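Engineer: Generate a structure from the sequence data that follows.
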Amino acid sequence: MLSKEMPENVLWLNTKVGQSMGIADGELVEITGGKNTGRIKVKLTDLVHPEAVFMVHGFGHTLPVESRALGKGVSDNALMPGGLDLWDPAGGGVAMQEHFVTVRKIK
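Structural biologist: The predicted structure is shown next:
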């Protein structure tokens, strides 16, 4: 039911930053983190800090059995080099993290 409401993730980008980069709402951009790069649609919004971006977890999968998220959007895990190594030994969950990424307009 939720995948019908949100079939793929989008990259939240501050409106003024996006406009200064010549990026329009809904446009496809390239995002790079570590050695990985992906293409994702942009959602321009004033609800994210100008020095940050946001995306929802759980998309951009590469395994065919994960069909609802297969090739849809970008996997945030792929943009976090070493991120899966930072986990809570007590609960087993991956630690909340911040990573640097680069966003660029596709020409």
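
Engineer: Find me the pLDDT at the spatially most central residue of the chain, would you?
Structural biologist: Residue closest to the average C-alpha location in the chain (C-alpha atoms, centre = their mean): residue 55, at 4.0 Å. The confidence metric pLDDT takes the value 91 at residue 55.

Engineer: Let me see the ranges of the strands in this structure.
Structural biologist: Per DSSP state E, the chain carries strands over the ranges 11-14, 28-33, 36-45, 53-54, 102-105.

Engineer: Quickly compare these and say which is most buried.
Structural biologist: Most buried of those by mean neighbour count (mean count of other C-beta atoms under 10 Å) is strand 11-14; its value is a mean of 22. For the C-beta atoms, the positions are set from N, CA and C on the backbone; glycine is no exception.

Engineer: For residue 74, the count of nearby residues, please.
Structural biologist: 25 (other C-beta atoms under 10 Å).

Engineer: returning to that earlier point: hang on, the residue nearest to the centre of the chain packs against residue 42?
Structural biologist: No. Contact criterion C-beta atoms under 8 Å: residue 55 and residue 42 do not qualify, at 10.2 Å.

Engineer: shared neighbours, those two?
Structural biologist: Residues within reach of residue 55 and of residue 42 at once, by C-beta atoms under 8 Å, 6 or more residues apart in numbering, are 10, 11.

Engineer: thinking again about what came up before, how about the residue nearest to the centre of the chain, what does it touch?
Structural biologist: Applying C-beta under 8 Å, 6+ apart to residue 55 gives the contacts 9, 10, 11, 12, 40, 73, 74, 76.
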